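Novice: could you work out the structure for the sequence below:
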Amino acid sequence: MSERSRAENTREERADALPEYAERVLETAESIPPGRVMTYGDVAEWLEEGGPRQVGRVMALYGGAVPWWRVVRADGALLPGHELRALAHYRAEGTPLKEAGRSAEGHLPRLDMRRARWDGGADARGHT
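Specialist: Okay, the predicted model is just below:
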């Protein structure tokens, strides 16, 4: 193999690799137990790096392969455009929900953040 081919392969491998921060965000999402959630800000705080927007960006770009429905908005609103898919996951996992009032847009429930929020406590798998 020529030197040029090796250099091209190395560039391709790096282009396919996730940024380190993204890997850490996705690992954190995977560690959230079924039926529990963390906010974007909680994940950033857990990692001691970035903020809610950075976590949201990672989830938007790379989160499809992890339990994305467990990383949520702080107000408990379901992710716009993915409400029904997320709701199916929440119901299957027994995630605490607050039923929507009749005046709520679309009559969709919200997450009961007081009961569903996970702090990474008892069953946390390796704080990074």
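Novice: which intervals of this structure have sub-threshold pLDDT?
Specialist: 1-16, 101-106, 122-128 (pLDDT under 70).
Novice: could you redo the last one with a cut-off of 90?
Specialist: 1-18, 99-108, 120-128 (pLDDT under 90).
Novice: strands of that one, start to end?
Specialist: Ranges of strands in the chain, per DSSP state E, are 38-39, 71-72, 97-98, 110-111.
Novice: just say which of the ones you listed is most tucked in.
Specialist: Comparing these by mean neighbour count (mean count of other Cβ atoms under 10 Å), strand 71-72 ranks first with a mean of 26. For every residue, glycine as well, the C-beta is placed using N, CA and C.
Novice: now for it, which elements pack on it?
Specialist: Using 3 or more Cβ pairs under 8 Å, 6 or more residues apart in numbering; DSSP states H and E as the contact test, the elements touching strand 71-72 are strand 38-39, helix 40-47.
Novice: for the most centrally placed residue in the chain, list each beta-bridge partner.
Specialist: By Cα atoms, centre = their mean, the chain has its centre lying nearest to V71, at 3.4 Å. Beta-bridge partners for V71, by DSSP bridges, are M38.
Novice: circling back: for the strands of the chain, give me a markdown table that also has distance to L79.
Specialist: Output for these, formatted as a markdown table (distance: least, Cβ to Cβ, whole Å):
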| stretch | distance to L79 |
| --- | --- |
| strand 38-39 | 12 |
| strand 71-72 | 7 |
| strand 97-98 | 14 |
| strand 110-111 | 10 |
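Novice: give me the number of residues near T28?
Specialist: By other Cβ atoms under 10 Å, the residues close to T28 number 26.
Novice: mind checking how far it is from L108?
Specialist: Between T28 and L108 the computed distance is 26 Å (Cβ to Cβ, to the nearest Å).
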